[in-house]
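1. Return a 3D structure for these sequence lines:
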Amino acid sequence: MKKAIFKFGLAGMAIIGFTAMKDIAPANITGKVTPADAAAGVWAIKETDTITGAVSSEGTFSLEVKPGTWKVIVTAKSPYKNTEVGPVEATEDKVTDVGEIKLEQ
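-> Take a look at the predicted model:
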């Protein structure tokens, strides 16, 4: 009897554990860099997570991230300066547009 109760208890804990591990849908951070040819790349940083991405020839970028608060950094080619935007709140299953990021010399 004790073995049966123990087995049912283990099975119940396993079911609870699996339902607690819900998949989190990613979020997206997008934007546009001007001038487009001055951007070397784009980063999103949140605590210990770092996501890197490219900037298109039109200056647009899109980063798939985990939901949360991020800092977006555009690395620039000389003579332009790197530019930081944030905090950026990325929401599960949504696109957050940071708008236009103007690089300065």
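2. got the residue ranges for the helices in the chain?
-> 2-20 (DSSP state H).
3. And the strands in it?
-> 27-34, 39-46, 49-53, 60-65, 68-76, 83-90, 95-102 (DSSP state E).
4. For the second one, list every residue counted as buried.
-> Going back to what we said before, that points to strand 39-46. 39, 42-46 (16 or more other Cβ atoms under 10 Å). (C-beta placed from N, C-alpha, C; glycine too.)
5. go on, the third one?
-> Of all the residues in strand 49-53, those buried under the rule 16+ other Cβ under 10 Å are 51, 53.
6. Make a markdown table out of the strands of the chain and add mean pLDDT.
-> Converted to a markdown table, those look like this (pLDDT from 0 to 100):
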| stretch | mean pLDDT |
| --- | --- |
| strand 27-34 | 98 |
| strand 39-46 | 97 |
| strand 49-53 | 96 |
| strand 60-65 | 98 |
| strand 68-76 | 98 |
| strand 83-90 | 96 |
| strand 95-102 | 98 |
